[in-house]
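**Q** here is the input, now give the coordinates:
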Amino acid sequence: MHTPNISYTLVIRISVLSLLIVQTTSGVLLMRYSRLYNSYSSTLAVFYSEIVKTIIVLLLFYKQNTLSFKLTWAAIKNEIIFNPKETIKLIVPGVLYSIQNNIIFIALSNLDAATFQITYQLKILTTSLISIWILGTHINKTKWVALITLMAGVILVQISQHKINEEKATESTEDSHEKSWLIGLGCVLFACISSPFAGVYYEKLVKTGAQCSIVIRNLQLAIFSLTFGFVGVLIEEGTNFFRPGHQFKNFDAIVWAIILIQGTGGLTVAAVVKYTDNIQKGFATSISIIISSLTSYFLLQDLVIEEKFLIGGVLVLISTIIYSMSGTKPPKDTEIISK
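**A** Next up is the predicted model:
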C-alpha cells in the first residue's frame, strides 16, 4: 500500500539531486567558458540574475498571500516598509552576497572550473569555524577529521596549480599565468569567507530576531542584493549603462543561460533542503566536481591534471562525503532563496 508513496518520494529525490548536479556543474562550466571568449560585463550579468531572484521571491510571496495583490502589498508595507529595523538587518548578507557573486565571475576568469570547485569546498571549513564563533556550534571528531582532510586536499590542488603556472610562466617568459592564478585563488578564498559569514549571520537572525517567514526574509535580502548589484553596475559601467544597447552588450544565449541558472539556483537549493539530506547533497557535490574536472580536461582543455591535483581532488571528495555523513543540519543559508 505504501510502495507508490515510496516510489514517488524516490523519484522526487533523484530528480532534485539530478537538477542540483546539472545546475551546479553547468553554472560553473558556462561561466568559465563564457569568460574565455566573451567580454560581456559580469556585473550586469549579476545584476540581471538578482532581478530574476527578486521576481521569483515576489511571486512566492504573492502565492503565500492567496494570489491577492491587495494582501501582498499590505504585507510588504507591514513587514518591510513600515518595519525598517528588521529590514535593515539584512544589509550585511545582502552586500556580501552581491560582492561574492561578482567575485565568483572574476575567479572563473582566472581559474579552470575544476580548480575553482575543489577550492570552493573550503567554505565547508569556514562555515564550521564561523558557526563555532557566532552560534557556538559543536563540531564532532569525525567532522574535524573531514575538515583537516579537506584542507590537505585543497592545499595539494593549489600546490599542483602553482607548479603548473610556474612552468607556463617559464615557457612564455611572462608571469601572467602566475598572476592570474593568484587573483583567482584570492577571489575564491574571499568567497569562502563571505558566503559562510552571510549564511551564519542569516541563521542567527532567523533564530534570534523577530519571527518573520522565510519568504519575507528572502524579500528583505533581495532588496539589498538588487540595490548593491545596481551600485556595482554603476561603479563599473558609469554613464555608459544608460547608452542605448549597452545594457545587453555582448550578451548571447550562454550569458542568458548563466543569468537564469544563477537566478533560479535558490529554488533548487530550497528543494534540496526539503527533499534530500546532507549525505545525498555531499554525493551530488562530488559528482558535480568530477563532471567539471572531466569537462575542463577533455572539452575546455584548460586543466592540467597531475599527481598532486588528482590526490588532492580525491581527498576533497572523500572529506565532503565524510562531513556530510556525520550528521548535524547545515546552516540556514541553504534556505535563502534569493542567495
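**Q** so where's the stretch 1-150 of the chain shaky on pLDDT?
**A** 1-6 (pLDDT under 70).
**Q** can you pull out the strands in it?
**A** Taking DSSP state E, counting those that start in this stretch as the criterion, the stretch 1-150 of the chain contains no strands.
**Q** any idea where the helices of it begin and end?
**A** For the stretch 1-150 of the chain, applying DSSP state H, counting those that start in this stretch gives helices covering 3-37, 42-64, 69-76, 84-87, 91-110, 113-120, 123-135, 141-172.
**Q** nearest to Ser319, of the ones you listed?
**A** helix 141-172 (3.8 Å; C-beta to C-beta). C-beta: built from backbone N, CA, C; applies to glycine.
**Q** tell me the first helix or strand C-terminal of that closest one.
**A** Note on helix 141-172: by DSSP states H and E, the next helix or strand toward the C-terminus is helix 176-208.
**Q** coming back round to it: can you say which of the helices of the stretch 1-150 of the chain is packed in most?
**A** Mean neighbours per residue, mean count of other C-beta atoms under 10 Å, is largest over these for helix 113-120, with a mean of 27.
**Q** which residues does the residue nearest to Val95 when sequence neighbours are not counted contact?
**A** Leaving aside its sequence neighbours, Val95 sits nearest to Phe228 (C-beta to C-beta, 6 or more residues apart in numbering; 5.3 Å). Phe228 sits next to 94-95, 98-99 when contact means C-beta atoms under 8 Å, 6 or more residues apart in numbering.
**Q** just to revisit the earlier point, including distance to Gly245, could the helices of the stretch 1-150 of the chain go into CSV?
**A** Converted to CSV, these look like this (distance: least, C-beta to C-beta, whole Å):
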stretch, distance to Gly245
helix 3-37, 19
helix 42-64, 12
helix 69-76, 34
helix 84-87, 35
helix 91-110, 22
helix 113-120, 31
helix 123-135, 38
helix 141-172, 37
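**Q** Thr239: which of those is closest?
**A** Taking the helices of the stretch 1-150 of the chain one by one with C-beta to C-beta, helix 42-64 is closest: 14.4 Å.
**Q** show me what that closest one is packed up against.
**A** helix 69-76, helix 91-110, helix 214-237, helix 253-275 (3 or more C-beta pairs under 8 Å, 6 or more residues apart in numbering; DSSP states H and E).
**Q** would you list these in JSON lines and tack on distance to Ile21?
**A** Formatted as JSON lines, the helices and strands packed on helix 42-64 follow (distance: least, C-beta to C-beta, whole Å):
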{"stretch": "helix 69-76", "distance to Ile21": "34"}
{"stretch": "helix 91-110", "distance to Ile21": "18"}
{"stretch": "helix 214-237", "distance to Ile21": "24"}
{"stretch": "helix 253-275", "distance to Ile21": "10"}
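**Q** for the ones you listed, which one sits closest to Lys281?
**A** Comparing these by C-beta to C-beta, helix 253-275 comes nearest, at 5.9 Å.
**Q** next, the buried residues of the very next helix or strand once past the closest one.
**A** As assigned by DSSP H and E, the chain's next helix or strand after helix 253-275 is helix 278-295. Neighbour-count burial for helix 278-295 flags 278, 280-293, 295 (criterion: 16 or more other C-beta atoms under 10 Å).
**Q** next, give me the two most distant ones among these.
**A** Asn278 and Thr295 (25.8 Å).
**Q** where in the stretch 201-339 of the chain is pLDDT low?
**A** Answering for the stretch 201-339 of the chain: the residues below the bar, that is pLDDT under 70, span 327-339.
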